[in-house]
Structure formats: structure tokens, C-alpha cells
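**Q** Attaching a predicted model along with its sequence, questions to come.
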Amino acid sequence: MNLAGNTNELEHHSSAASEPERVVPAITRSSALEALKHGPRGALVIATFAVGVLLTGWLLFYFLLFLSRGHVG
């Protein structure tokens, strides 16, 4: 059904994979192993940075807010 509500018109849709010139050739095992040789280094860098930011924020809250209020009790 199109926007006008007419169901008699058929639209032709084709996939990009139906044309051989648009399909990427398969990679070899050796090139895949070379690409994965160093592992997820970028993800580890981002995760380490995020954990460092969270820890720094927690320490700032602890020392600037909680300890400045003094002993409770």
C-alpha cells in the first residue's frame, strides 16, 4: 500500500547485494588473523578512561562533600 492508499501498484526494491560489483570479496584467513592480532585495544582504552573518570568523580565527592561535613554521630 502506498501513501495514497492504492494497493494495486507494486514497487520494485532490489538489494545492493544483488549486484556483484557492490559485494565485498571475502577476506583470507591470514588477513583476518592480522586484523585481530592486537585484540580490542581501542575498547580497552575507552573502558579504562571511563573507569578513571568515574573513580575520579567518586573521590572528588568523597573528599569534597562527605569529609567536609565532619564526623556523623
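**A** Alright, I've got the coordinates.
**Q** Quickly find the element holding the residue positioned nearest the centre of the chain.
**A** In the chain, the residue lying closest to the centroid (Cα atoms, centre = their mean) is Ala43, at 9.3 Å. Assigned by DSSP states H and E, Ala43 belongs to helix 41-61.
**Q** model confidence over that helix, on average?
**A** The predicted model assigns helix 41-61 a mean pLDDT of 95.
**Q** Can you give the distance from that helix to the centre of its chain?
**A** With Cα atoms, centre = their mean, to the nearest Å as the basis, helix 41-61 stands 17 Å off its chain's centre.
**Q** tell me which residues in that helix are buried?
**A** Buried residues in helix 41-61, defined by neighbour count with 16 or more other Cβ atoms under 10 Å: none. For the C-beta atoms, the positions are set from N, CA and C on the backbone; glycine is no exception.
**Q** Could you list every helix and strand in contact with it?
**A** Helix 41-61 sits against no helix or strand, with contacts defined as 3 or more Cβ pairs under 8 Å, 6 or more residues apart in numbering; DSSP states H and E.
**Q** Now do it: everything it contacts.
**A** For helix 41-61, contacts defined as Cβ atoms under 8 Å, 6 or more residues apart in numbering pick out no residues.
**Q** CA atoms of that helix as PDB?
**A** Presented in PDB, the C-alpha positions along helix 41-61 are these (Å, rounded to 0.1, in the frame of the first residue of the first chain):
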ATOM      1  CA  ARG A  41      42.900  -2.300  22.100                       C
ATOM      2  CA  GLY A  42      40.600   0.700  21.400                       C
ATOM      3  CA  ALA A  43      37.800  -0.700  23.500                       C
ATOM      4  CA  LEU A  44      40.200  -1.300  26.400                       C
ATOM      5  CA  VAL A  45      41.500   2.300  26.200                       C
ATOM      6  CA  ILE A  46      38.000   3.700  26.200                       C
ATOM      7  CA  ALA A  47      36.900   1.500  29.100                       C
ATOM      8  CA  THR A  48      40.000   2.400  31.100                       C
ATOM      9  CA  PHE A  49      39.300   6.100  30.500                       C
ATOM     10  CA  ALA A  50      35.700   5.800  31.600                       C
ATOM     11  CA  VAL A  51      36.600   3.900  34.800                       C
ATOM     12  CA  GLY A  52      39.200   6.500  35.600                       C
ATOM     13  CA  VAL A  53      36.700   9.300  35.100                       C
ATOM     14  CA  LEU A  54      34.200   7.600  37.400                       C
ATOM     15  CA  LEU A  55      36.800   6.900  40.100                       C
ATOM     16  CA  THR A  56      38.000  10.500  40.000                       C
ATOM     17  CA  GLY A  57      34.400  11.700  40.300                       C
ATOM     18  CA  TRP A  58      33.800   9.400  43.200                       C
ATOM     19  CA  LEU A  59      36.900  10.500  45.000                       C
ATOM     20  CA  LEU A  60      36.000  14.200  44.500                       C
ATOM     21  CA  PHE A  61      32.600  13.600  46.000                       C
END
